[in-house]
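>>> heads up, no residue letters with this:
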Ligand SMILES: C[S@@+](CC[C@H](N)C(=O)[O-])C[C@H]1O[C@@H](n2cnc3c(N)ncnc32)[C@H](O)[C@@H]1O
């Protein structure tokens, strides 16, 4: 089983659906809105003139939003359809960006330490079999003193959907539709692995990074799981209640390379 080929085919199909979705709101982005959420916007360091690497950048909305904040951006993603659309948006909007179509773990084997910030977010770790190779990719990419930031869906959310909390070497292989509202019923074969919060933290520590903060959030900024309820006071927050109490849906980690 070539998991990269299967996931690449799935993300190529999904990209064609996503670019027309309300969920991604490309028109809003083109008109100047940021695609970033309150979580990243509240936690990212100043980005003016920082060389920033965005791992698993999909079709570039977040990468180009980070460029609008002053960063000099490079995005890497496995999907050639996503990278093609990212390049198209960069050209159309005259926002400078480099986009690379590659498996991030292969990218990490040859990358030079040249980035001030490495950024990645929402729906990224489950596609990777090996978080030690992922953390080494980050460590290899950063200059000394460089900062890493991840905001990711909490693995607790996976448990509620019937997946294992704990890591297994054997992946889940299944046919699944995508998460945008315009998902047509087409199913893609996807290959994913569960990773706990401590797996991510320990992989970063073993790669030599110093963790400076870990936060957990009782809401998702995206309405992308079954059973989410819109928060009554903040319409951009979606919560999952268990015994009437909110479950953790997102975590973030900040780290620095010595
Ligand atoms: C849910 S998106 C995450 C990006 C961002 N949250 C968004 O929604 O735009 C997951 C991305 O990971 C990419 N991906 C999956 N496996 C990858 C790999 N091994 N190397 C690089 N990119 C990968 C997919 O192509 C997809 O664009």
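Arrived safely. Fair warning: this is a prediction, and the values are worked out from it, not measured in the lab.
>>> let me see the contact set for whatever residue of the stretch 101-250 of the chain ends up closest to the ligand.
Closest to the ligand within the stretch 101-250 of the chain is residue 123: 3.0 Å, counting by CB to the nearest ligand atom. Every C-beta, even on glycine, is put in place using the N, C-alpha and C of the backbone. Shown in contact with residue 123 (CB atoms under 8 Å, 6 or more residues apart in numbering): 152-153.
>>> up against the ligand, what does the protein have?
Within the chain, the positions lying close to the ligand (CB under 6 Å from any ligand atom) are 7, 11, 56, 58, 61-62, 77-79, 82, 103-104, 121-124, 127-128.
>>> next, the buried residues of stretch 74-86.
74-79, 81-83, 85-86 (16 or more other CB atoms under 10 Å).
>>> now render those as a markdown table, adding distance to residue 141.
Formatted as a markdown table, these follow (distance: CB to CB, whole Å):
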| residue | distance to residue 141 |
| --- | --- |
| 74 | 9 |
| 75 | 13 |
| 76 | 10 |
| 77 | 15 |
| 78 | 17 |
| 79 | 20 |
| 81 | 24 |
| 82 | 20 |
| 83 | 18 |
| 85 | 23 |
| 86 | 19 |
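>>> make JSON lines out of those and add secondary structure.
Converted to JSON lines, the buried residues of stretch 74-86 look like this (DSSP: H, G, I helix; E, B strand; the rest coil):
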{"residue": "74", "secondary structure": "strand"}
{"residue": "75", "secondary structure": "strand"}
{"residue": "76", "secondary structure": "strand"}
{"residue": "77", "secondary structure": "strand"}
{"residue": "78", "secondary structure": "coil"}
{"residue": "79", "secondary structure": "coil"}
{"residue": "81", "secondary structure": "helix"}
{"residue": "82", "secondary structure": "helix"}
{"residue": "83", "secondary structure": "helix"}
{"residue": "85", "secondary structure": "helix"}
{"residue": "86", "secondary structure": "helix"}
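>>> which SSE is residue 9 in?
helix 3-18 (DSSP states H and E).
>>> average pLDDT across the helix or strand immediately after that helix in the chain?
Sequence order places helix 26-30 as the next helix or strand after helix 3-18, per DSSP H and E. What helix 26-30 shows for mean pLDDT is 98.
>>> begin at 38, not 1, for the rest of this chat.
Sure, I'll start numbering at 38, so the last one becomes helix 63-67.
>>> quick check: next helix or strand after helix 63-67?
Counting by DSSP H and E, what follows helix 63-67 is helix 75-80.
>>> residue boundaries of the strands in this protein?
88-92, 109-114, 134-138, 152-158, 179-190, 209-213, 225-229, 246-254, 266-267, 275-276, 278-279, 282-283, 287-294 (DSSP state E).
>>> among the ones you listed, which is nearest residue 64?
Distance to residue 64, taken as CB to CB, is lowest for strand 134-138 among those, at 19.4 Å.
>>> now do the same contact list for the nearest residue to residue 57 once chain neighbours are set aside.
Nearest residue to residue 57, sequence neighbours excluded (CB to CB, 6 or more residues apart in numbering): residue 219, at 6.1 Å. The neighbours of residue 219, taking CB under 8 Å, 6+ apart as the test, are 54, 57-60.
>>> what do you get for residue 158?
Contacts for residue 158 were tallied using CB under 8 Å, 6+ apart; they are 77, 99, 187-189.
>>> of the residues you listed, which is the nearest to residue 247?
Distances from residue 247 to the contacts of residue 158, taken by CB to CB, are shortest for residue 187, at 14.6 Å.
>>> which residues does that closest one bridge with?
Note on residue 187: beta-bridge partners by DSSP bridges are residue 157, residue 290.
>>> so it sits against residue 237, correct?
Yes: the pair residue 187 / residue 237 is scored as a contact, 7.3 Å apart, by CB atoms under 8 Å.
>>> what touches both of those two?
Common neighbours of residue 187 and residue 237 (CB under 8 Å, 6+ apart) are residue 290.
>>> fine by me, thanks again.
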